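Asker: Structure for this input, please:
(chains A and B)
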There are 2 protein chains.
Amino acid sequence: MFERLALIGCGLMGGSFALALREAGLVRRVAGFSATAATTERALGLGAIDEIATSVGQAARGADLVLVAVPVAATESTLAALRPHLAPGALAMDVGSTKSDVVAAAERALGERLACFVPAHPIAGKEKSGIGHAEPALYRGCRVILTPLPANPPAQVARARQVWTAIGARVVEMAPQAHDTTFAAVSHLPHLLAFALVDGIVQQDGGDAILALGGPGFRDFTRIAAADPRMWRDVFLANQAQLLAQLQAHREALARFEALILAGDADGLERLIAQASGVRARWQMNSFTPGT
Amino acid sequence: MFERLALIGCGLMGGSFALALREAGLVRRVAGFSATAATTERALGLGAIDEIATSVGQAARGADLVLVAVPVAATESTLAALRPHLAPGALAMDVGSTKSDVVAAAERALGERLACFVPAHPIAGKEKSGIGHAEPALYRGCRVILTPLPANPPAQVARARQVWTAIGARVVEMAPQAHDTTFAAVSHLPHLLAFALVDGIVQQDGGDAILALGGPGFRDFTRIAAADPRMWRDVFLANQAQLLAQLQAHREALARFEALILAGDADGLERLIAQASGVRARWQMNSFTPGT
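Answerer: Numbers count the residues shown, from 1 in each chain, chains lettered A, B, ... in the order given. Got it, this is the predicted structure:
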């Protein structure tokens, strides 16, 4: 049981975390801070927080749990504002989609309080953002990646695991770089491709009429293209090197398909498609077993 | 009311068409032919067809309605086999995902019976194929593209519209080339990108571990990558020119995003993402209104 959660950023991710902790009876009081006053007021109205803090410091004072749920680009300034108010025994986490940059930001910003901070990335979300879409079940059944720091005592990492496990998530530990490679491949690149697919169609003559005839495949493929522009701008810039490396791997894969199509090599094309199709048909979210 | 439907190809598309016509009371008897005997037996067992035909000709004899629901690459040979058995007053249609090649195949194969044939493409389907997944509601609420031939009497096209409308679909008429451009953009290219994304990950060291961490975005983006390899091989080859033209437009869009990421141009990147995100957020399947 935590006495006080400081929720820094009261959007979809932060709001859902607070609601889940309250539902599980894991926190006595929640103080919320947001860069936009209307957001904390909405969070208060929806019962996600108990009190509105007017600064990061005010939210953090007396908090034994801190969740930084701000856009990735705002992580460093938020952590710097947090540092003087963070109790030595507090547990602080983030929810950012990229980790190498968050680790670097924490090392620069947190000084003697670095041991408090366990970087976290819950693999959850919707194409809709904002506190209005928050729900206590958002993290249930999802994975949460922790990328612990050398400075973190094992007990601190264990507490971080416990919090996420208690609200129904499954915790995986990874190194920050492996995390960033993985999510460049399975999340950031798909978002980039979905944005670019829509952009490539819209820029054509008659693009609107073309879009109008998209069916169920188009709908699902481009669902993530409706995601929040500012968040994804930040993710693409924060994870630039890994994203561009994955884009290169994808271009090479595309070139393999293109060469077979141009050559009219039906057998080779079918083999290449069948390999990808077989992998995807066996894949299941949260339960993929390599090699089966 | 049709007396006899000849169903040439008893898979997901053909089986669902027969089931829908029966449910609507639009056909008295259905004869089914398939290249694989087990398929027609299954279709008979599921009530999609009343009798098994052992040849295209046997299925077509006495039929006033013919649906050719075979892989695109088999269209020409199927139509050629159909020609001597096709009654002058019959209505024949296909369900192929590409149309310029089907029109050319029909012109070569059907001779004096060309007027019977109205090329059709229902925008329906699942990532699962086969008669086992057929359902009478598959076409309800979906669009069906007709690309009528100059040889089609207007009354023949009107009958084709009526059949699809009677089972709940909405009919759109297009020229074959416009059809192929449109579906290269909203269907064939997304399939190619989804196959290539999976392939690009699988080919990496540790690709299995990377895939294992895909979340809801990856799941939806790659749903179509589980599609039937033979069908998509045929579609890619049949619509090669339009597909590669759309791939080129997509590459140019990707290059726009990549240049902004490389330059660290946060404002420009946000603008480009916001444009695509806004278009996709407004888009709704079957009800997109350009310019709103």
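Asker: Confirm residue A:30 sits in a strand?
Answerer: Yes - counting by DSSP: H, G, I helix; E, B strand; the rest coil, residue A:30 is located in a strand.
Asker: okay, now it: neighbour count?
Answerer: Counted with other Cβ atoms under 10 Å in any protein chain shown, residues neighbouring residue A:30 total 29. C-beta coordinates here come from the backbone N, C-alpha and C atoms, glycine included.
Asker: Within range of chain B, give me the residues from the stretch 51-200 of chain A.
Answerer: A:73, A:123-125, A:127, A:142-143, A:145, A:172, A:181-183, A:185-187, A:189-200 (Cβ under 8 Å from any Cβ of the partner chain).
Asker: mind giving me the domain split of chain A?
Answerer: Following automatic domain parsing, chain A resolves into domains at A:2-174, A:178-282.
Asker: what pLDDT, on average, does the longest one get?
Answerer: When pLDDT is averaged along domain A:2-174, the result is 96.
Asker: Pull up the distance across it, start to finish.
Answerer: For domain A:2-174, the first-to-last residue distance is 26 Å (Cα to Cα, to the nearest Å).
Asker: cool, the last one as well?
Answerer: The first and final residues of domain A:178-282 sit 23 Å from each other (Cα to Cα).
Asker: average pLDDT across it?
Answerer: Here the average pLDDT along domain A:178-282 is 96.
Asker: What distance do you get for residue A:141 to chain B?
Answerer: Distance, residue A:141 to chain B, using Cβ to the nearest Cβ, to the nearest Å: 11 Å.
Asker: do you know which of the domains of chain A lies nearest residue B:162?
Answerer: Closest approach to residue B:162 among these (Cβ to Cβ): domain A:178-282, 21.4 Å.
Asker: returning to that earlier point: output the domains of chain A as TSV; include the columns distance to residue B:60.
Answerer: As requested, the domains of chain A are exported to TSV (distance: least, Cβ to Cβ, whole Å):
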stretch	distance to residue B:60
domain A:2-174	48
domain A:178-282	28
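Asker: what about those, which gets the closest to residue B:12?
Answerer: domain A:178-282 (13.2 Å).
Asker: Just the strands from chain A, written as ranges.
Answerer: A:2-8, A:27-33, A:51-52, A:65-68, A:91-94, A:117-118, A:120-122, A:143-146, A:170-173 (DSSP state E).
Asker: counting contacts, what elements does the last one pack onto?
Answerer: The one in question is strand A:170-173. In terms of contacts (3 or more Cβ pairs under 8 Å, 6 or more residues apart in numbering or on different chains; DSSP states H and E), strand A:170-173 is packed against strand A:143-146, helix A:154-166.
Asker: 10 Å instead, please
Answerer: strand A:120-122, strand A:143-146, helix A:154-166, helix A:176-183 (3 or more Cβ pairs under 10 Å, 6 or more residues apart in numbering or on different chains; DSSP states H and E).
Asker: Could you look over the strands of chain A and pick the most buried one?
Answerer: strand A:117-118 (a mean of 28; mean count of other Cβ atoms under 10 Å in any protein chain shown).
Asker: Give me the distance from that one to the chain's centre.
Answerer: Averaging C-alpha positions (Cα atoms, centre = their mean, to the nearest Å) puts strand A:117-118 16 Å from its chain's average.
Asker: what's the answer for stretch A:115-130, then?
Answerer: 4 Å.
Asker: Can you give me the first-to-last residue distance of that stretch?
Answerer: Its first and final residues considered, stretch A:115-130 spans 30 Å by Cα to Cα.
Asker: and residue A:257, how far is that from residue A:220?
Answerer: Using Cβ to Cβ, to the nearest Å, one gets 20 Å for the distance from residue A:257 to residue A:220.
Asker: These two: who's more crowded?
Answerer: residue A:257 (22 against 18).
Asker: Could you pull up the contacting residues of that one?
Answerer: A:268-269, A:272-273, A:276, B:192-193, B:195-196, B:199, B:236, B:243, B:247 (Cβ atoms under 10 Å, 6 or more residues apart in numbering or on different chains).
Asker: again, but for residue A:103
Answerer: So residue A:103 contacts A:114, A:117, A:119, A:147, A:148, A:149, A:150, A:175, A:176, A:177, A:179, A:180 (Cβ under 10 Å, 6+ apart).
Asker: Might you report the residue contacts of the fourth one?
Answerer: If a contact means Cβ under 10 Å, 6+ apart, then residue A:147 has A:99-100, A:102-103, A:118-121, A:172-180 as its contacts.
Asker: That one and chain B: what is the separation?
Answerer: Counting by Cβ to the nearest Cβ, the gap from residue A:147 to chain B is 13 Å.
Asker: do the same with residue A:157
Answerer: From residue A:157 to chain B the distance is 19 Å (Cβ to the nearest Cβ).
Asker: which residue packs closest to that residue, ignoring adjacent ones?
Answerer: Using Cβ to Cβ, 6 or more residues apart in numbering or on different chains and skipping the chain neighbours, the partner closest in space to residue A:157 is residue A:148 (4.7 Å).
Asker: wait, isn't the one you found in contact with residue A:118?
Answerer: Yes - applying Cβ atoms under 10 Å, one finds residue A:148 in contact with residue A:118, separated by 5.9 Å.
Asker: can you list residues touching both of the two?
Answerer: A:156, A:157, A:160, A:161, A:173.
Asker: with the residues you listed in mind, which one is nearest to chain B?
Answerer: Within those, the smallest distance to chain B is 12.2 Å, found for residue A:173 (Cβ to the nearest Cβ).
Asker: what pairs with the closest one across the strands?
Answerer: residue A:146 (DSSP bridges).
Asker: Surely it touches residue A:145?
Answerer: Yes - Residue A:173 sits in contact with residue A:145 when judged by Cβ under 10 Å, with a separation of 7.5 Å.
Asker: Distance check, the one residue sitting closest to the centre of chain A against chain B.
Answerer: Nearest to the mean C-alpha position of chain A, by Cα atoms, centre = their mean, lies residue A:97 at 3.6 Å. According to Cβ to the nearest Cβ, residue A:97 and chain B sit 10 Å apart.
Asker: what's near enough to touch the nearest residue to that residue once chain neighbours are set aside?
Answerer: Residue nearest to residue A:97 in three dimensions, not counting chain neighbours: residue A:235, with 4.9 Å by Cβ to Cβ, 6+ apart. Residues near residue A:235 by Cβ under 10 Å, 6+ apart: A:71-73, A:96-98, A:101, A:183-184, A:187-188, A:191-192, A:227-228, A:243.
Asker: repeat that with 6 Å
Answerer: A:97, A:98, A:188 (Cβ atoms under 6 Å, 6 or more residues apart in numbering or on different chains).
Asker: nearest to residue B:83, of those residues?
Answerer: For those, the nearest to residue B:83 is residue A:188 (52.9 Å; Cβ to Cβ).
Asker: What about the residue nearest to residue A:157? Give its phi and psi, please.
Answerer: Note on residue A:148: backbone dihedrals following degrees, to the nearest 10 are phi -60, psi 150.
Asker: hmm, which of the contacts of residue A:103 are the buried ones?
Answerer: For the contacts of residue A:103, a burial check counting by 16 or more other Cβ atoms under 10 Å in any protein chain shown picks out A:114, A:117, A:119, A:147, A:148, A:149, A:176, A:179, A:180.
Asker: now, which of these sits nearest residue B:43?
Answerer: residue A:179 (48.9 Å).
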